[in-house]
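J.: Could you work out the structure for the sequence below:
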Amino acid sequence: MAYLGDFFLYAATACALLSLIVYALAWRGKQELFGRARRFFVVTSTSLTLALAVLLYLILTHDFSVAYVHAYSSTDLPLGYLIATLWAGQEGTFLLWIFYVSVMGLLLIRAAGKFEAGAMVVVNLFVLSILSILIKKSPFEVLPVFRAEGAGLNPLLQDFWMTIHPPIMFVGFAGTVIPFCFAITALAERKYDTWAEAARKWTMFAWLALGVSLVMGGYWAYKTLGWGGFWAWDPVENSSFIPWIFLTAQVHSLFIKRQRRGMMRFSLFVVCLSFWSVLYGTFLTRSGVLGDFSVHSFVDLGINGFLIAGLFGFIGLGSFLLILRWSDIRPEPSYATVNSRSYLVTLGIVILFLGGVLTLLGTSAPLLTRLTDKPSNVGLPYYFATMTPIAISVLTLLALFPSFRWNHGISRPRLIIVGASVAALTVIVLLLSGITSNVMYLALFGAASWAIVSNGYVVISSLRTNTFQPGYLAHVGLAVGLVGAATSNGFERKQTVTLPRGQDIQAMGYTLTFADMIETAKGYNCHVNVVSGDRQFAALLPHEFPRNAEGVMKKPHVEKYLTYDLYISPVALEQPEGTDQGALKLLKGESAKVDKYEISFHDFELSSHGQEEMSGAAALLTITYDGKSEDIKPSLEVTGKEVKPVAASFDYGRGTIVIAGVRPDEGGVMLTVTGDFAVAPETGVAALTVEVSEKPLINLFWLGTITVFASGFLSMWERRKRKRAELLSEVAAGEAAAQPVP
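T.: Residues are numbered from 1 along each chain as shown. The predicted structure is shown next:
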């Protein structure tokens, strides 16, 4: 069956190449070839659909002879997670990506009109670029030996959001291809005035899909990873955020082009940039260059040459046409004077563009610093320093926008006075209450309150007059979301506390009790009772051991309230088992002394063992004593569902070390040291260390982002209604004109 999947990939490649050639000829004037070019692409799309169906069939039937199926699935996965393994690995996501593009290509054939030939040439080029990767590294590759069981899906991926977040994200990635196709066709054919209207709905669609997936991914990380946040400016997170922020600038630049025929050059450039940033993010996340800097990064599969060729090929194509046509594009001014709505939108687009560039530079740091001896990543202070002023600037423009006319002057002077007064009052309250005196926070909250008041006024007024304008509601949602993000991150309270089993411990006004630890099929669950006044609940903190030897996976508990979330995240668990054991917690590069022995932890070493269904991880340790050193490797062996620690001895058997646990979030290891010299623990009870934190107003972030994207859907719906009404009006006018004059 796997060979059938490869057959469909080769068939798709051949037909996409034929479709590309025939569409190119049709683009050159041979109109009679359009039908044949379309049929070739239909076969391409059908072949990709069948290839995807074959891979799904192999997964559902547990055909572990296929390397991809073995690497990501197993017989114990529920149906939903089993289907989700289709996009758990690189090969599967590449196949899903071009499947989406092929479906959009079919829609494009019907809707592109005079842009069809050029747009479909670019679509076929992109499909071929990804197919070349899949031919190099096929999802249908067969293992040389039979496997009775699969490695299984990473426990952190066994979550509801895994079933919907990646597919929606790749819909967004696929959506960025289509506006790029329109832009390239417009540049090649000099159709600078008409392409934007044709590309508008595709741009909005890509913006919505990618934005919704970002929020889903943030919520998934928040409730699963346990580090306490929804956004960490991780390079892989940024690789999706950068295209989205460029798409945001693109949506508004197309809006300006429609309203005032301005920003023609910039619109074409930013459309290309949105697509290029998707390709660049794909290279960063899938080439292995971020392996040391992101927990989300894929390993290098030997496809870097193909990724680089695709990236520079499409950048070269777009750049060549932009440079060639730059002087030929003569747009009208996009604004009349500084005090106009057009100028505010244009300035906002420039600021958004700058934010995307700054994020791009920060994300590229691991790649740029590879030119030095010590590759490194920028930290959170870089993003706080660069993106906070961007957010404040955008909020200020949103606050002013409803009060100005398009061409010149102020249309709502009272709204400016009221909004500015609310902003000033917000700052005064924050200062007098002692909540904050930080200038950045004061500016952000002041601008946000102004934006909410001014845009909220327009939303309410439009509802009263039955002229609802979703864009203003999106502005309100953005302001609310930024307030929630800033408050939950900047004003959270947190405390790390150790909970001996059965003892009540006070922390941040809560009474916490480590009540029980229950074994499960995948590991164990720690139960912590939490009491605060009349409120009480039991926090469930799962600890799971994956087959792939990545150590213990710990998940937090989130208790939601109206004004805040209580977030409890497990940090470590100590389980004394006897009086001759010493427990150590070491990060990479750290050392600790037990009696006369200095124990240094260097790194982990992953391994697999022959034809048996076995893999493992070893801790690379150096034991220094009596002027000499000794290297040992205690390990964890994973056979099927069983995790077995393998001890390593030192000093001629006088001491033994066993891995008691792994801390993948910190790159550390927990060791149990056994010997006559080992220090006995002070207590005989297990102790769970947790981090307790309160996230104030975090629900405003979720509410704000939902409002933004709900507004996007409403905007597309309103536009569809207007188009339908215009079409009906044209039909009615035609029928009236056809009536004979009495």
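J.: My understanding was that His62 contacts Thr75; is that so?
T.: Yes - between His62 and Thr75 there is a contact under CB atoms under 8 Å: 5.5 Å. In short, each C-beta sits where N, CA and C put it, glycine included.
J.: Looking at the two, which one has more neighbours?
T.: His62 (19 against 11; other CB atoms under 10 Å).
J.: tell me the secondary structure for the more buried one?
T.: coil (DSSP: H, G, I helix; E, B strand; the rest coil).
J.: And for Leu430?
T.: helix.
J.: what residues are up against it?
T.: Thr436, Ser437, Tyr441, Leu442, Phe445 (CB atoms under 8 Å, 6 or more residues apart in numbering).
J.: Closest to the centroid, which residue in the chain?
T.: Glu237 (4.3 Å; CA atoms, centre = their mean).
J.: Quick check: which helices or strands does the host helix or strand of that one pack against?
T.: Using DSSP states H and E, Glu237 maps to helix 235-260. Applying 3 or more CB pairs under 8 Å, 6 or more residues apart in numbering; DSSP states H and E, one finds that helix 235-260 contacts helix 165-189, helix 195-224, helix 264-286, helix 341-363.
J.: okay if I get those as TSV plus distance to Ile518?
T.: Shown next, in TSV, are these (distance: least, CB to CB, whole Å):
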stretch	distance to Ile518
helix 165-189	29
helix 195-224	20
helix 264-286	37
helix 341-363	42
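J.: In CSV, list these along with distance to Leu131, mean neighbour count and mean pLDDT.
T.: CSV is the format used below for those (distance: least, CB to CB, whole Å; neighbours: other CB atoms under 10 Å; pLDDT from 0 to 100):
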stretch, distance to Leu131, mean neighbour count, mean pLDDT
helix 165-189, 14, 24, 95
helix 195-224, 22, 22, 91
helix 264-286, 15, 24, 90
helix 341-363, 27, 21, 91
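J.: quick one: which of the contacts of Leu430 is most hemmed in?
T.: Of the contacts of Leu430, with other CB under 10 Å as the count, Phe445 tops at 25 neighbours.
J.: Assign that one to helix, strand or coil.
T.: helix.
J.: wait, it sits on Ala486?
T.: Yes - here Phe445 reaches Ala486: they are 7.3 Å apart, a contact under CB under 8 Å.
J.: Save the contacts of Leu430 as JSON lines, and put in distance to Tyr57 too.
T.: Listed next are the contacts of Leu430 as JSON lines, based on distance: CB to CB, whole Å:
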{"residue": "Thr436", "distance to Tyr57": "57"}
{"residue": "Ser437", "distance to Tyr57": "62"}
{"residue": "Tyr441", "distance to Tyr57": "54"}
{"residue": "Leu442", "distance to Tyr57": "59"}
{"residue": "Phe445", "distance to Tyr57": "54"}
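J.: Let's see which of these end up in strands.
T.: Among the contacts of Leu430, no member falls in strands (DSSP state E).
J.: now stretch 40-48, how far from the centre of its chain.
T.: Mean-position distance between stretch 40-48 and its chain equals 29 Å (CA atoms, centre = their mean, to the nearest Å).
J.: And the average pLDDT for it is what?
T.: Over the span of stretch 40-48, the pLDDT mean works out to 97.
J.: One more: stretch 462-471?
T.: 86.
J.: hmm, back to that, of the contacts of Leu430, which is the nearest to Ala119?
T.: Distance to Ala119, by CB to CB, is smallest for Phe445 among the contacts of Leu430, at 45.0 Å.
J.: What degree of burial does the spatially closest residue to the closest one that is not a sequence neighbour show, as a neighbour count?
T.: Once flanking residues are discounted, Phe445 sits nearest to Thr426: 5.5 Å by CB to CB, 6 or more residues apart in numbering. Using other CB under 10 Å, Thr426 is surrounded by 19 other residues.
J.: what's the answer for Ala448, then?
T.: Count around Ala448 with other CB under 10 Å applied: 28.
J.: Surely it touches Val394?
T.: No - with contacts counted by CB under 8 Å, Ala448 stays clear of Val394, the gap being 10.1 Å.
J.: Contacts for stretch 518-538 next, please.
T.: 76, 155, 499, 509-517, 539-545, 552-553, 557, 559, 566, 568, 570, 573, 641, 688, 690.
J.: got the buried residues for that stretch?
T.: Lys522, Gly523, Tyr524, Asn525, Cys526, His527, Val528, Val530 (16 or more other CB atoms under 10 Å).
J.: next one: stretch 647-666
T.: For stretch 647-666, by 16+ other CB under 10 Å, it's 648-651, 655-665.
J.: now that stretch: mean pLDDT?
T.: On average, stretch 647-666 scores 78.
J.: List every C-alpha atom in it, with coordinates, as CSV.
T.: Extracted C-alpha coordinates of stretch 647-666, given in CSV (Å, rounded to 0.1, in the frame of the first residue of the first chain):
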residue,chain,number,x,y,z
ALA,A,647,22.1,1.9,36.8
ALA,A,648,25.8,2.8,36.3
SER,A,649,28.4,2.2,38.9
PHE,A,650,31.6,4.0,39.8
ASP,A,651,34.7,3.8,42.0
TYR,A,652,34.9,0.0,41.4
GLY,A,653,31.3,-0.5,42.4
ARG,A,654,31.4,1.5,45.6
GLY,A,655,28.7,3.8,44.3
THR,A,656,25.7,3.5,41.9
ILE,A,657,23.7,6.2,40.1
VAL,A,658,20.2,5.8,38.6
ILE,A,659,18.2,8.3,36.6
ALA,A,660,15.1,9.1,38.8
GLY,A,661,13.6,11.6,36.4
VAL,A,662,14.2,14.0,33.5
ARG,A,663,13.4,17.7,33.4
PRO,A,664,13.1,18.4,29.6
ASP,A,665,11.7,21.9,30.1
GLU,A,666,15.0,22.9,31.9
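J.: From Lys30, how far out is the closest residue to Asp328 other than its chain neighbours?
T.: Leaving out its chain neighbours, the residue that sits closest to Asp328 by CB to CB, 6+ apart is Arg190, at 6.6 Å. Distance of Arg190 to Lys30, given as CB to CB, to the nearest Å: 20 Å.
J.: can you check Ser462 too?
T.: Taken as CB to CB, the span from Ser462 to Lys30 is 50 Å.
J.: What of Gly533?
T.: Gly533 is 79 Å from Lys30, by CB to CB.
J.: got it, and Phe275?
T.: For Phe275, the distance to Lys30 - CB to CB - is 28 Å.
J.: now swap in Ser711 and tell me
T.: Taking CB to CB, one finds Ser711 at 45 Å from Lys30.
J.: what does Arg414 give?
T.: Arg414 is 63 Å from Lys30, by CB to CB.
J.: And Phe241, by the same measure?
T.: On the measure of CB to CB, Phe241 and Lys30 end up 43 Å apart.
J.: Tell me which of those two has more neighbours.
T.: Phe241 (25 against 14).
J.: Now for the more buried one: which residues touch it?
T.: Here Phe241 is in contact with Leu214, Thr359 (CB under 8 Å, 6+ apart).
J.: got it, and the one 10 residues further on?
T.: By CB under 8 Å, 6+ apart, Val251 lies in contact with Thr203, Met204, Trp207.
J.: which one of these is nearest Trp326?
T.: Thr203 (21.4 Å).
J.: That closest one is in contact with Gln250, isn't it?
T.: Yes - the pair Thr203 and Gln250 passes the contact test of CB under 8 Å, sitting 5.6 Å apart.
J.: Show me where the stretch 501-650 of the chain dips below the pLDDT cut-off.
T.: 546-551, 576-583, 607-615, 638-643 (pLDDT under 70).
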